[in-house]
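K.L.:
My questions concern the predicted model and sequence given below.
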Amino acid sequence: MLPMKLIDCPRDAMQGWPTFIPTTQKTAYLNALLRVGFDTLDFGSFVSPKAIPQLADTAEVLDGLDLAQSGTRLLAIVANLRGAETAAQHPQIRYIGFPLSVSETFQQRNTNKSIAEAFDDVTRMQELCARTGQEQVVYLSMGFGNPYGDPWSPEILGEFTQKLDALGVGIVALSDTIGASTPATIAPPFRELTAAFPHIEFGAHLHTTPATWREKVQAAYEAGCRRFDGALGGYGGCPMAADALTGNMPTERLIEFATEKGEELHLNTEALAEAMQLNQEIFAAGPHPLTPSPAERGN
């Protein structure tokens, strides 16, 4: 079994933040995260600034990142081919991430395209990455259920993955878009997909409450997933969730879990402490803190 990988996602934490985070502050925070030693940093996005004004400065932030002393790879999210072409102009970016929904309804709402049109984008992005030496990461939105009444099952996820496999996509992350996943909906897809497509790297982009994080990570891990997305403090990630305490999987919880399992992450603990301090300076005064008290952690 492959070792566990952690992908920290400050992009997901920042993108919905109600007040603009100064570019210099973003850059300082991301540089601190780069020193920690995560496998990958989901650092920004190339989408319409009207859609996500918080990340309109992604290119400027990228120019300020110190990559010389870091082995962490950069991932940028895009919503269409145009965004991918912009990301591809920056060789510092290793991965181009694209959300592809298994829900026709959500695909239309999220990107104003049908699933068929989104697959066309995936195809063109894959061709683009082949030319630039970058790699596409496809996020299967609504990966653990569908609130819109569209069909969902592990078999449907398998059908999508088969199409992605035929295109040469090597990394597929299942995304808990609305924060409604449970161990019962997390384990079967990973168990079936990792068995059917052992050459594809499957990831888990989970949302959680403070009380349910461990059972969700455990379910994915035991079913064969070794790639996990998180965000320090659990900030951001799930504006559509019914529970206000639902947010991104806290990266510090993933570190805790990995340590318990004997996974060697090779993280710089001093740099992690510095990053946590900067994280609190940005997010602690905001409306959606997810760092629970000990009584709320559900350990």
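P.N.:
That came through fine. Numbers count the residues shown, from 1 in each chain.

K.L.:
who does the helix ranked longest in the chain touch, helix- and strand-wise?
P.N.:
Identified as the longest helix of the chain according to DSSP state H is helix 115-132. When contacts are defined as 3 or more CB pairs under 8 Å, 6 or more residues apart in numbering; DSSP states H and E, helix 115-132 packs onto helix 81-88, strand 93-101, helix 104-111, strand 135-141, helix 154-167. (Each C-beta comes from the backbone N, C-alpha and C, glycine too.)

K.L.:
mind checking which of the ones you listed is nearest R253?
P.N.:
R253 lies closest to strand 135-141 among the helices and strands packed on helix 115-132, at 20.4 Å (CB to CB).

K.L.:
Now do that closest one against strand 93-101, angle only.
P.N.:
Using axes from the mean of the first three to the mean of the last three CA atoms, to 10 degrees, the inter-axis angle of strand 135-141 relative to strand 93-101 is 30 degrees.

K.L.:
May I have the predicted confidence score for G237?
P.N.:
Listed pLDDT for G237 reads 74.

K.L.:
With the flanking residues excluded, which residue is spatially nearest to it?
P.N.:
Among residues not flanking G237 along the chain, N248 sits closest, at 3.5 Å (CB to CB, 6 or more residues apart in numbering).

K.L.:
Also L278?
P.N.:
Going by CB to CB, 6+ apart, L278 has Y29 as its nearest residue, at 4.6 Å.

K.L.:
What count of nearby residues applies to the one you found?
P.N.:
25 (other CB atoms under 10 Å).

K.L.:
ok, and it, which helix or strand is that part of?
P.N.:
According to DSSP states H and E, Y29 maps onto helix 23-36.

K.L.:
Name every strand pairing with the next helix or strand after that helix and say which way it goes.
P.N.:
Next along the chain after helix 23-36, taking DSSP H and E as the criterion, comes strand 40-46. Sheet pairing of strand 40-46 (DSSP bridges) gives strand 5-8 (parallel), strand 73-78 (parallel).

K.L.:
Measure how buried P53 is and give me the count.
P.N.:
Number of residues near P53 (other CB under 10 Å) recorded here: 11.

K.L.:
My understanding was that it contacts P18; is that so?
P.N.:
No - the criterion here is CB atoms under 8 Å, and P53 misses it with P18 at 10.7 Å.

K.L.:
that older thread, mind listing what's buried in the helix holding Y29?
P.N.:
If you call a residue buried by 16 or more other CB atoms under 10 Å, then helix 23-36 has these buried ones: K26, T27, A28, Y29, L30, N31, A32, L33, L34, R35, V36.

K.L.:
Give me the mean pLDDT for it.
P.N.:
Helix 23-36 comes out at a mean pLDDT of 98.

K.L.:
quick one: the least confident helix or strand in the chain by mean pLDDT to chain centroid distance?
P.N.:
Of all helical and strand segments in the chain, the minimum by mean pLDDT, DSSP states H and E falls on helix 104-111, at a mean of 88. Here the centre of helix 104-111 is set off from its chain's centre by 18 Å, with CA atoms, centre = their mean, to the nearest Å.

K.L.:
Fine, thanks again, bye for now.
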